[in-house]
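Enquirer: sequence first, then the predicted structure:
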Amino acid sequence: MELLLFNIFNGFIIGIFYALMALGLSMILGLNGIINFSHGGFLALGAYMAYSLAPAIGFWGALIVSPFLAGFVGLIVERVLIRPLYGRDPLFSLLLTFGLAMIMQDLIRTFWGATGLPFEVPNALTHPLSQVYFFITGYRVFLVALALLATASLFALLKFTRVGIRIRAGNADLEMVSALGINIYRLRAVNFSLGIFMAGLAGVLAAGRLGLTPTMGASLIMPSFVAIIVGGVGSLVGSLLGGIIIGVAAGITTTYYPAASDVVIYLIMAVVLIVRPRGLMGQEGLLE
Amino acid sequence: MKSAASRHVDAAKPADAMSSQKSTRRRVAASALVWALLLTAPYWLPLTGGYTDLGSRVLVFSLAALGLNLLLGFTGGLSFGHAAYFGLGAYGTGLMLKFVTHSTPLALLAGVALGGLGATLFGPVTVRRRGIYFAMITIAIGQMFYFVAVRWNSLTGGEDGLTGFERTNIHFGHAILNLHNSTIFYYFTLFFFAIGCAVVWSVLRSPLGHTFVAIRENQKRLRFLGVSVGFYLWIAFAISGFIAALAGALYALLNNFTSPEDLNWVLSGDFVIICVLGGMRTFWGPLVGSVIYVVVQDYLSSITVNWMSFIGAIFVLAVLFFPWGLLGFFQRRIQK
Amino acid sequence: MSLLSLKNVSRHFGAVTALSGISLEVPQGELRALIGPNGAGKTTLFNLITGFFRPSEGEVRFSGHSVKDVSPEKLVQRGIIRTFQITEIFLDLTVYQNLEIAVETAKGLNLRPWLSRRRRREVRDSIDELMDTLRLGRLSNHLAGELAHGDQRLVEMAIALSHEPKLLLLDEPTAGMGDEETQRMTELIRHLHNQRGITILFIEHDMAIIFDVADRITVLDNGRLLAEGTPAEIAANADVQAAYLGGVK
């Protein structure tokens, strides 16, 4: 029983990483019309920048600064590489971001080395909070809380700020938004870097839990795709939900049949596609 | 008015007919050149600093990309997961040789069947959606096979890959086809490459192929001609899966080894970029792309540890500056 | 017996009612015009007849059978063919290739990975025949996307005709055409009706054409059936005058 709870909790935490990734991917997919294969690269970049910044500005400083830096890099990448792809066959954005992912992974390996690096989190966060449920450490609770906070802020931003409302409107009907005289390029740039910000944040959090490797993002990207498909393209809530569902499902599977824990999320996806092709919360006809 | 129109017909027709005759002749000449080069490759490859197994590798990747391109370039189905069927072909062949039989042809058959049926079985799941969504689903399904191969240690050897099998010679009565010989294996591969070409070539000239192209061009129109697009997309998916599986099976024989990397989405991306580099809308594009890509990769990985950045740069630059590929580029130049 | 019959058909999109309570009978062999101001629901009606949308209420019957739950693909095979307001053809293919796909589809050959010599000749003959009917021969090797608008419309008509339609639905066949092109299209429609006996339902804005060729006219306004009758009756109808003709002219 404890093992099951442990694995569910673990799965939930992994699910949060999937969800944070999927959220950013989903935003970029919706407004920019791009599948960002390099999203995992940005996650790793956020983590490694935090690693290098932490000795100078501490864990908390790095936690705040690093995602912004990642978002800034995202802004530049959007301007230089992504913008020429708007309106073109989706094949090209897939290929370009695929290549970008390779380059980022290779550069990270060149700068920081191929071997895994540890990432220190403050001592205050490492103690277990409960004797029985030893796996509920302060860091994990902190991680969940911060992820929730970030997600809530993102949704608030989309709901209440002017740029957020425009992003959501652009998601629903791009032509309409540009007909209203809104600068669609600027909107897409902001949106892209917002998505990358979420990846950077997920990167720092992931570093604190698992340490750093150049491939840390690449291993998260596939489940994030699955999260989007399960949750439904076009729905941010769906992506969030999809991430958590497959994370927990993988956790549960680990308890009973560890070898299948990687495969189970794809089976869930296949079932969802057969039963409900547009995903749990998806709308009909988007991006097709 | 009528006579003016008919005069126009008379004036226009010979010119059109001539230009189409000319382009047919050009195409035949190009194909003859391709086959001549492929048939003589073992003799001129060493002169260029290449080696025979590299030639076989190029053929294998061409064959896989040729299969993929039927779906990607001609049907417009954005599969980013074709390594799955390539890898299933490789594992099917390897496992057959290791555990069941020492017959190379049977092993090849097993690989083709496993990969091809895999594509046929999972095709209906992918064709439920189109566009970007289709791409994401194909990737994800491919990745499922990858994890199966990684985790099913006892059967597949897990992450270390499947070893302990070897291609065997084929006996025809008293004659022996010595597949251990690199040159002979190259021709063995070329034989199957030719079969793949023949299949794709004849499909493209048939109503089935015309339907595929029509799907790429205008699904709505086709639907309102009474064609269920999903069904034909599935058929394209299955055919291209069988061809990719054949390539994978040959790859396992070439290396006497297969690993989860042969199923991974990174390899799927390689196949796609091969099609794009050569020219997606052209028949020989996959071959040309494969020559470029395999040779460049082989070369880069021997001179720098950062070869991944260079390969990534090829992706980025190809998309930004060269989206129609080498052959597509020439084709447009000629048409203008 | 009516070839096409609609009984009390409505269609809502959320809170918006696009069509309400439409009843319509189109007998075999009739040339029927469908008119009405923009937003009257004409194209929605086409979408209901071709199975692209389902009616929210009511029933559509084609040659005596309900088309409920029949897919658009199946309806095409039963003989309902349409053209679109915005021309739907294969722009990156030549005119010949466009017709090739259409003919092969019409003959049910899509699944064939190869063709016998005899079959291939049949296909070629059908293509040539279509080219002759529509006088497209001179454009055979041109890319459809590079043709003049009027010629693209003809290609679309040829594609539709390849399926030997029982009911042909034309969505503004002369929209955006010059005088000469319009005249050619009008002649073609009349030819298909008179010589081939195809039942045609067409949406049109050009009153001259409508009064020239149509047997009967159906007038839609705001999703409702406003009037129906011969051109003479419609011209004399006070409601139509007020709602439509008066509004436009």
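Expert: Thanks, I have the structure now.
Enquirer: so how far is stretch A:101-121 off the chain centroid?
Expert: In terms of C-alpha atoms, centre = their mean, to the nearest Å, the centre of stretch A:101-121 is found 18 Å from the chain centre.
Enquirer: and the end-to-end length of that stretch?
Expert: 27 Å (C-alpha to C-alpha, to the nearest Å).
Enquirer: now that stretch: average pLDDT?
Expert: Averaged over stretch A:101-121, pLDDT sits at 90.
Enquirer: now the strands for chain C?
Expert: In chain C, the strands defined using DSSP state E lie at C:2-13, C:16-27, C:31-35, C:57-62, C:65-66, C:80-82, C:167-171, C:199-203, C:216-221, C:224-229.
Enquirer: adding mean pLDDT, write those out as TSV.
Expert: Formatted as TSV, the strands of chain C follow (pLDDT from 0 to 100):
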stretch	mean pLDDT
strand C:2-13	88
strand C:16-27	88
strand C:31-35	91
strand C:57-62	90
strand C:65-66	88
strand C:80-82	90
strand C:167-171	92
strand C:199-203	92
strand C:216-221	90
strand C:224-229	88
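Enquirer: ok, which of these comes nearest chain B?
Expert: Minimum separation from chain B across those (C-beta to the nearest C-beta) falls at strand C:80-82, 6.1 Å. In short, each C-beta sits where N, CA and C put it, glycine included.
Enquirer: partner strands of the closest one and their direction?
Expert: strand C:167-171 (parallel) (DSSP bridges).
Enquirer: show me what stretch A:64-77 is in contact with.
Expert: A:38, A:42, A:45-47, A:49-50, A:53, A:57, A:100, A:189, A:192-201, A:203-204 (C-beta atoms under 8 Å, 6 or more residues apart in numbering or on different chains).
Enquirer: next structured bit after the helix ranked longest in chain A?
Expert: In chain A, with assignment by DSSP state H, the single longest helix is helix A:39-77. Toward the C-terminus, helix A:39-77 is succeeded by helix A:90-112 as the next helix or strand (DSSP states H and E).
Enquirer: if you count neighbours, what's buried in that next one?
Expert: A:90-109, A:112 (16 or more other C-beta atoms under 10 Å in any protein chain shown).
Enquirer: so is that helix next to chain C?
Expert: No: Helix A:90-112 lies apart from chain C when judged by C-beta under 8 Å from any C-beta of the partner chain; the minimum separation is 15.7 Å.
Enquirer: the closest residue to C:Ala33 other than its chain neighbours: neighbour count?
Expert: Nearest non-adjacent residue to C:Ala33, counting by C-beta to C-beta, 6 or more residues apart in numbering or on different chains: C:Ala214, 3.8 Å away. Using other C-beta atoms under 10 Å in any protein chain shown, C:Ala214 is surrounded by 23 other residues.
Enquirer: go on, A:Thr126?
Expert: Based on other C-beta under 10 Å, the number of other residues close to A:Thr126 is 13.
Enquirer: who are the neighbours in contact with it?
Expert: So A:Thr126 contacts A:Thr137, A:Gly138, A:Tyr139 (C-beta under 8 Å, 6+ apart).
Enquirer: in strands, which of these appear?
Expert: Judged by DSSP E, strands contain none of these.
Enquirer: as CSV, the residues you listed with pLDDT, neighbour count and distance to chain B would be great.
Expert: Shown next, in CSV, are the contacts of A:Thr126 (pLDDT from 0 to 100; neighbours: other C-beta atoms under 10 Å in any protein chain shown; distance: C-beta to the nearest C-beta, whole Å):
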residue, pLDDT, neighbour count, distance to chain B
A:Thr137, 75, 18, 28
A:Gly138, 79, 16, 32
A:Tyr139, 82, 19, 28
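Enquirer: A:Ser224: which element?
Expert: Judged by DSSP H and E, A:Ser224 forms part of helix A:218-231.
Enquirer: what's the angle between the helix or strand following that helix and helix A:218-231?
Expert: Moving toward the C-terminus from helix A:218-231, the next helix or strand (DSSP H and E) is helix A:236-256. Here the directions of helix A:236-256 and helix A:218-231 differ by 120 degrees (axes from the mean of the first three to the mean of the last three C-alpha atoms, to 10 degrees).
Enquirer: chain C: helices as residue ranges?
Expert: Under DSSP H, chain C gives helices at C:42-49, C:72-78, C:95-106, C:117-134, C:149-162, C:179-194, C:207-213, C:231-236, C:238-240, C:246-248.
Enquirer: I figured A:Leu91 hits B:Ser79, correct?
Expert: No: contact criterion C-beta atoms under 8 Å: A:Leu91 and B:Ser79 do not qualify, at 10.2 Å.
Enquirer: give the residues shared as contacts by the two.
Expert: By C-beta under 8 Å, 6+ apart, the residues touching both A:Leu91 and B:Ser79 are B:Leu72, B:Ala135, B:Val272.
Enquirer: got the contact list for the nearest residue to C:Glu30 once chain neighbours are set aside?
Expert: Distances taken as C-beta to C-beta, 6+ apart place C:Asp215 nearest to C:Glu30, at 5.0 Å, with adjacent residues excluded. Counting by C-beta under 8 Å, 6+ apart, C:Asp215 touches C:Glu30, C:Leu31, C:Arg32, C:Thr230.
Enquirer: and the pLDDT for C:Asp215?
Expert: Model confidence at C:Asp215 (pLDDT) stands at 91.
Enquirer: that one and C:Glu233, how far apart?
Expert: Distance, C:Asp215 to C:Glu233, by C-beta to C-beta, to the nearest Å: 12 Å.
Enquirer: next: B:Met136.
Expert: 57 Å.
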